[in-house]
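Predicted structure and sequence below. I'll ask about it afterward.
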Amino acid sequence: MNDAFGIIVIGDEILNGRRRDRHFEALGSMLRERGFGVAWLRILPDDPDYLASELARTMGEGIPVFSCGGIGATPDDNTRAAAAAAANVALTLHPGAVAEIEARFGDAAYPHRIKMAELPDGADLIPNPYNRIPGFSIRRHYFVPGFPDMAHPMVTWVLDRHYAAGGIKEAQRSVRIYGITESGLMDLMEDLVSAYPDAKFFSLPRLGAEFQIEMGFRGAGSLEAPYQALVNGLTERKVRFEPVADSDSE
């Protein structure tokens, strides 16, 4: 997907249900407001080897990624080391991060809090307006804390500083179909996908008193031709449908 970001949420507490993810909805909304999409969401455990492997893979994908969580100073915070391993660089004290943490905590920065200044060699800092302990970026991966009150303003800073031009917002054209199941339209759907590969086709069944399908296309380019082909196909099959108001992709 063009103009899209990946989102990583790190923490065993998310996977075991002790805490609820609060990043995906907020970051997705921030990205869409700027014309970007979400390419994928991954929720990963606090396992150093697994994190390093996944981050190496996502760094190779070539899209920007926001990673939330695991950059603190406790033994279960493995993200900083995993990011260094994934980027194949050393974990070193970042002078700028040292300065920020010392300015925030003074002598109390040692011996534990200063560990949060150990960042992948060559990383850039992401300012933290909440408590001055910075996040960092490397290989178009932007690492912020797991706390939403800290993370979300930091994500805003990254978008404003590095992606101010925005993306190309997706549009959507669709219809609501009545009285037929998806299996009854499979040939039409396959023809549309084949004929218009640059438009993202979707089919969303809705259960209720009367079975419905919202069917249509999303994309950054013109959707008029694939949408009209969908309308023509439904009309030829004498399928009952009504247009859904044009909208930006939600």
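Here it is on my side, so go on. It should be emphasised that the depicted structure is a prediction, and the values quoted were computed from it without experimental measurement. Residues are numbered from 1 along each chain as shown.

Tell me where the model's unsure across this protein.
Low-confidence regions of the chain, defined by pLDDT under 70, span residues 1-2, 246-250.

pull the longest helix from it.
For the chain, the helix reaching the highest residue count under DSSP state H is reported as helix 148-162.

Contacts for it, please.
For helix 148-162, the surrounding residues in contact (Cβ atoms under 8 Å, 6 or more residues apart in numbering) are 22-23, 26-27, 30-31, 34, 66, 68, 126-131, 135, 137, 142, 144-145. C-beta: built from backbone N, CA, C; applies to glycine.

again, but for stretch 126-137
Contacts with stretch 126-137, where a contact means Cβ under 8 Å, 6+ apart, come from 71, 80, 83, 94, 96-97, 100-101, 103-104, 113, 116, 119-120, 123-125, 142-145, 147, 149-151, 153-154, 157-158.

What subset of these is buried?
By the neighbour-count criterion of 16 or more other Cβ atoms under 10 Å, the contacts of stretch 126-137 include these buried positions: 71, 80, 83, 94, 97, 100-101, 113, 116, 119-120, 123, 125, 142-145, 150-151, 154, 157-158.

Which of the contacts of helix 148-162 fall in helices?
The helices, defined by DSSP H, take in Ala26, Leu27, Met30, Leu31 from the contacts of helix 148-162.

Report the buried members of those residues.
When burial is judged by neighbour count using 16+ other Cβ under 10 Å, the buried members of the ones in helices among the contacts of helix 148-162 are Leu27, Met30, Leu31.

Closest to Ser174 out of these?
Closest approach to Ser174 among these (Cβ to Cβ): Leu31, at 21.5 Å.

correct me, but the closest one touches Glu25?
No - counting by Cβ atoms under 8 Å, Glu25 is not a contact partner of Leu31; they are 11.1 Å apart.

Ends of stretch 4-17, what's the gap?
Length of stretch 4-17, first residue to last, Cα to Cα, to the nearest Å: 28 Å.

List the contacts of it.
Here stretch 4-17 has contacts from 19-21, 23-24, 27-28, 31, 36-46, 51, 54-55, 58, 61, 63-70, 76, 79, 146, 167, using Cβ under 8 Å, 6+ apart.
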